[in-house]
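[1] structure of the sequence below:
(one chain, ligands or ions: 1)
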Amino acid sequence: MQNDMKTPLLASAASDASEPLPRCPGGPVISIIGSGDFSRSLAIRLVACGFRVVVGSRNPNRIDRGLFPDGVDIRSQKEAVDSAERVVFAAVYPEHYYTLVWLRRQLAGKVLVDVSSATRLNSGEQSNAEKLAELFPESRVVKGFNVISAWALQAGAHDGSRQVLICSDCSTSKDTVLQLARSMGFSPMDLGGLCRSRDIEEAPLILFPSWGGPILTTFILFLFFYGYNSLRHILLPYLDKGQNNIHQLPLVTMNETLPAVALVTLALVYLPGLVAAVFQLCRGTKYKRFPHWLDHWLCRRKQLGLLSFLCVVLHAVYSMCLTLRRAAGYTLLNAAYHQ
Ligand code: NAP
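    Residues are numbered from 1 along each chain as shown. Predicted coordinates:
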């Protein structure tokens, strides 16, 4: 076993990084510093994919070994780092990175994977991966795996998100981690150098990244048409004839607004295609980039179409409610008449 540990298990920095990692029970030893949720899920996934895993904890005797799959070795942080031939995951929070500085010598030349995420958007601060690279100048820091939750890691390749964003300044180390992610059943995406790590760290914080513009546009259209219909059917009759139609606001006015919003949103789905065609005709070529605003608009057509569909569905529901209300009104009137 000891001798096994000494043989190079992952390709060395100089070797061909595109060479696939062997996937057998005696496969490469991957170390994980930290024994929390992420470490546990990562260990489960790595073992399932044929890697040997050594988890490094501050206090290995306190860890409930039943939480980790069979075959996972739980050692001290130093022993875990020493066991890893090449790849070491830092599965601790960034505020605890400084506690690992004493392992600097052991981590020298190894691929240190930073899996942390940002806690705030657009903070303008240095990324966690860059801070880690400053703390460990002799290690090859690679950013990745933070967009995969502990749950998705355990769920396997068939469930949850499969895309893993990866970046690093060391291309050989990055290739090793890209290959590792592929071996684990993920779809790795190379985002370039470590300067992109902030984007990767912020990725889990961005909810529905391409929906902001379309939702805002639909909301503004809704406000415009709702205001116009309220003015026309509520305020003007009141000022003109003293009619109080305020009860129409939640159902009737809403139902008049929704199809107008749906139609204009649908028009916004098809309009950019026509504008793009005009651009191409004017330029005499289709091999030129569209202006940024048009590019952006073209990329949001699917979202606009779905929002238009949502308005249509709501319109159908409101129409049905109005019909039912009218039918109930007639039933009551009929009952009163018979009485
Ligand atoms: P966690 O369950 O709290 O585990 C963190 C581990 O760090 C602990 O088990 C502990 O291991 C170690 N630790 C705690 N305090 C420490 C200290 N003062 N000094 C040194 N080590 C300390 O957290 P986690 O959910 O596994 O997250 C770990 C990292 O993964 C974070 O950076 C997080 O952003 C990232 N991540 C997590 C998820 C997720 O779904 N959980 C997803 C993506 C990324 P020992 O006691 O064994 O040393």
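[2] so what's the closest residue to the ligand within the stretch 1-150 of the chain up against?
    Distance from the ligand to each residue of the stretch 1-150 of the chain (Cβ to the nearest ligand atom) is smallest for Gly36, at 1.8 Å. For every residue, glycine as well, the C-beta is placed using N, CA and C. With contacts defined as Cβ atoms under 8 Å, 6 or more residues apart in numbering, Gly36 is in contact with 91-92.
[3] quick check: it vs His96, distance?
    11 Å (Cβ to Cβ, to the nearest Å).
[4] show me the shaky parts of this protein.
    Counting by pLDDT under 70, the chain has low-confidence residues at 1-26, 156-160.
[5] who in it is up against the ligand?
    34-39, 57-58, 91-93, 96, 99, 115-117, 146, 149-150 (Cβ under 6 Å from any ligand atom).
[6] how about the residue nearest the centre of the chain, nearest residue that isn't a chain neighbour?
    Computing the C-alpha centroid of the chain and ranking residues by Cα atoms, centre = their mean puts Pro204 first, at 4.7 Å. Nearest non-adjacent residue to Pro204, counting by Cβ to Cβ, 6 or more residues apart in numbering: Ser117, 4.9 Å away.
[7] hang on, that neighbour in a strand?
    No: using DSSP: H, G, I helix; E, B strand; the rest coil, the secondary structure at Ser117 is coil, not a strand.
[8] tell me the SS of the residue nearest to the centre of the chain?
    Remark: Pro204 carries the secondary structure label helix [criterion: three-state DSSP].
[9] buried subset of the residues of the chain next to the ligand as a ChimeraX selection?
    Isolation of the buried members of these (16 or more other Cβ atoms under 10 Å) is achieved in ChimeraX through the command below:
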select :34,35,38,39,57,91,92,115,116,117,146,149,150
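[10] phi, psi of Leu324?
    Taking degrees, to the nearest 10, you get phi -60, psi -40 for the backbone angles of Leu324.
[11] do you know how far it is from the ligand?
    For Leu324, the distance to the ligand (Cβ to the nearest ligand atom, to the nearest Å) stands at 46 Å.
[12] shouldn't the residue nearest to Pro204 be in contact with Asn146?
    Yes: Ser117 is within contact range of Asn146, at 4.6 Å (criterion: Cβ atoms under 8 Å).
[13] find residues that contact each of these two.
    Common contacts of Ser117 and Asn146 (Cβ under 8 Å, 6+ apart): 201, 203-204.
[14] can you map out the helices along the stretch 51-200 of the chain?
    Shown for the stretch 51-200 of the chain, the helices assigned by DSSP state H, counting those that start in this stretch span residues 77-83, 104-107, 128-135, 150-155, 171-183, 197-202.
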